[in-house]
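*Asks:* Model the structure of this input:
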Amino acid sequence: MNEMCLKFLSRSENEIFARNAVAAFALPLNPSLSELSDVKTAVSEAVTNCIVHGYRGGEGWITVACRTEGSKLYIEVSDEGRGIENVEEALAPFYTTLPDEERSGMGFTIMQTFMTEFSVASKAGEGTKVTMCKDFGERAEINAG
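*Replies:* Down below sits the predicted model:
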C-alpha cells in the first residue's frame, strides 16, 4: 500500500498538475496507456467540477488523496465549496447548473464510465467529495477470460 495527498488552490492551471501527479503516482501499478488516460481524464473532470461548480469563480482549496492497494488505485477529490443539493439529479447525464456557460453536464458520467468504482458525497454549503477506484488488475482478468 502507498498513499499521497495534494492540496492546492482552485485555479484552472492546477488541473493539469493534479492529473499528472495522480498519473505519476499510479505508474507502479503498471497501467496501460489507455488506463492511465482514463485516470487522468477522471481526475481532470473531478478537479474541474471543484473549480467550476464548487467555487464558482471564487477560490478555495481542493484536496486530492490517493492510495494503492494491490492492483487498485483509489482517488478522492474534494472541495469545501458550495456542495450539491441533489446528488442524484447531478449524476444524471447532461445535467448542468451552468447551461449558459456551454457545460455539457457529462463530467460525472465520464468519471463513472472511466473508473471501476465511483461515488459522490456532498452537503450543500459544505463541499463535495468524489471517490473513485480504478482496478488495473481487471485487464489481466479480461485477457485471461
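
*Asks:* Show me what secondary structure element comes after the longest helix along the chain.
*Replies:* Longest helix in the chain, counting residues (DSSP state H): helix 33-49. Scanning forward in sequence from helix 33-49 by DSSP states H and E, the next helix or strand is strand 61-69.

*Asks:* Specify the angle between that next one and helix 33-49 in degrees.
*Replies:* Interaxial angle of strand 61-69 relative to helix 33-49 (axes from the mean of the first three to the mean of the last three CA atoms, to 10 degrees): 150 degrees.

*Asks:* give me the low-pLDDT residue ranges for the protein?
*Replies:* By pLDDT under 70, the low-scoring segments of the chain are 91-106, 138-145.

*Asks:* in it, which spans are helices?
*Replies:* Counting by DSSP H, the helices of the chain are 13-26, 33-49, 87-90, 107-114, 138-144.

*Asks:* And these: which comes nearest T128?
*Replies:* Taking CB to CB, helix 33-49 is the member of these nearest to T128, at 7.5 Å. All C-beta spots, glycine's among them, are computed from the backbone N, C-alpha and C.
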